[in-house]
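> would you be able to build a 3D model of this:
(2 chains)
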Amino acid sequence: QKEVEQNSGPLSVPEGAIASLNCTYSDRGSQSFFWYRQYSGKSPELIMSIYSNGDKEDGRFTAQLNKASQYVSLLIRDSQPSDSATYLCAVKGNTNAGKSTFGDGTTLTVKP
Amino acid sequence: DTAVSQTPKYLVTQMGNDKSIKCEQNLGHDTMYWYKQDSKKFLKIMFSYNNKELIINETVPNRFSPKSPDKAHLNLHINSLELGDSAVYFCASRLQGQGRYGYTFGSGTRLTVV
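Residues are numbered from 1 along each chain as shown, chains lettered A, B, ... in the order given. Predicted coordinates:
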C-alpha cells in the first residue's frame, strides 16, 4: 500500500464546475496535510494546508480532513481554465524531521 | 527576490560525469530538502538538512552527496552519473515548527544524462 494515494485521474471538469480531488494516507499518526499545485514544467506551489478535522476555506479552495477515515480532499469551486494543473497531496508524519510524503498527483483539466 | 533559487536550471551531461546542483534560500528557513521528481511526476525525498545537520537520508545511492555549508545553502553533488539519474531535482525549504508549514520549492533542475 502506498503511503499517500490520490485518485488516479486525469480529471476533467467544465469551467464553473466544482472539482473534487481526493487523497488517503496510511500513517494514522500523520499531523499535517498539504495540497500543492504544479503547472507543467514548473515547481510545486503550496495552496492549502490543514491540520484539524473539518473544513478549511481559502477563496475558491476548500480542504477537508477526516483523520478517522485517513482522508483529505480539496474542492475547487467555480473552476477556471487557469486551475488546470497537477495537484499533489502531501502528508507530514509525526517525526521532527518534517518530511512530507507526496501522492502521485491528480491532473485536472478545466475545459472552457 | 527569488525565495529558493537553484542552479543550473538545465543540465545535460554524459554518463559517468560528476555534476553539482546548488540551492540557496533567502527566507530564513532552517530546514532544506532535496526531492527527485521522475517522469511520472512522483516526488521522492532524498535528503534533508536542519541547520547544517543531516536529518533525513533516504535510500539513495551513495553517488549522491549533499552538502550544507550553512542553513541557507544546500548543494547536491552526483558522481558517476547514470541514465536513471535523469529527472527533475527540486530543492525545498521549510520553517521548522511542529510541521505546520509547507514547503517552498525552487524552480527545479532538469538533469538529462545521455
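> from chain B, how far off is A:Ser30?
Per Cβ to the nearest Cβ, to the nearest Å, A:Ser30 is found 10 Å from chain B. From N, CA and C alone the C-beta is placed, and that goes for glycine too.
> that residue: what secondary structure?
With DSSP: H, G, I helix; E, B strand; the rest coil as the basis, the three-state label of A:Ser30 is coil.
> name the nearest residue to it, ignoring sequence neighbours.
A:Val91 (4.8 Å; Cβ to Cβ, 6 or more residues apart in numbering or on different chains).
> what parts of chain B come near chain A?
B:31, B:33, B:40-45, B:48, B:50, B:55-56, B:90, B:94, B:96, B:98-108 (Cβ under 8 Å from any Cβ of the partner chain).
> buried ones among those?
The neighbour count (16 or more other Cβ atoms under 10 Å in any protein chain shown) marks B:31, B:33, B:41-43, B:45, B:48, B:50, B:55-56, B:90, B:94, B:99-108 as buried among the residues of chain B next to chain A.
> the residue nearest to A:Ser30: how many residues sit nearby?
Applying other Cβ atoms under 10 Å in any protein chain shown, we find 23 residues neighbouring A:Val91.
> can you list the strands that the worst-scoring helix or strand of chain A on mean pLDDT pairs with?
The helix or strand of chain A with the poorest confidence is strand A:100-102; it has a mean of 92 (mean pLDDT, DSSP states H and E). Sheet pairing for strand A:100-102, assigned by DSSP bridges, gives strand A:85-92 (antiparallel).
> which residues touch the strand it pairs with?
For strand A:85-92, contacts defined as Cβ atoms under 8 Å, 6 or more residues apart in numbering or on different chains pick out A:3-4, A:6, A:21, A:23, A:25, A:27, A:30-40, A:44, A:72, A:74, A:98-103, A:105-108, B:41, B:43, B:99, B:102-103.
> the same query, at a cut-off of 6 Å, please.
The contact list for strand A:85-92 (Cβ atoms under 6 Å, 6 or more residues apart in numbering or on different chains) reads A:4, A:6, A:21, A:23, A:25, A:30-34, A:36-39, A:44, A:100-103, A:105-107, B:41, B:99.
> quick one: it to chain centroid distance?
Using Cα atoms, centre = their mean, to the nearest Å, the mean C-alpha position of strand A:85-92 is found 5 Å from that of the whole chain.
> name the residues of that strand that are buried.
For strand A:85-92, burial by neighbour count (16+ other Cβ under 10 Å) applies to A:85-92.
> show me where pLDDT drops low in chain B?
For chain B, the stretches flagged by pLDDT under 70 are B:97-99.
> spatially central residue for it, please.
Centroid check for chain B by Cα atoms, centre = their mean gives B:Trp34 as the closest residue, at 3.0 Å.
> for that residue, name its beta-bridge partners.
B:Phe47, B:Cys91.
> quick one: contacts for it?
B:46-47, B:76.
> now, which of those sits nearest A:Pro10?
B:Met46 (27.5 Å; Cβ to Cβ).
> about what we covered before: tabulate the buried residues of strand A:85-92 (a markdown table), appending pLDDT.
Shown next, in a markdown table, are the buried residues of strand A:85-92 (pLDDT from 0 to 100):
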| residue | pLDDT |
| --- | --- |
| A:Ala85 | 97 |
| A:Thr86 | 96 |
| A:Tyr87 | 97 |
| A:Leu88 | 97 |
| A:Cys89 | 97 |
| A:Ala90 | 96 |
| A:Val91 | 94 |
| A:Lys92 | 90 |
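> look up how far B:Leu76 lies from the nearest residue to B:Asn26 once chain neighbours are set aside.
Leaving out its chain neighbours, the residue that sits closest to B:Asn26 by Cβ to Cβ, 6+ apart is B:Ala3, at 6.4 Å. Computed as Cβ to Cβ, to the nearest Å, the B:Ala3 to B:Leu76 distance reads 18 Å.
> thanks a lot, catch you later.
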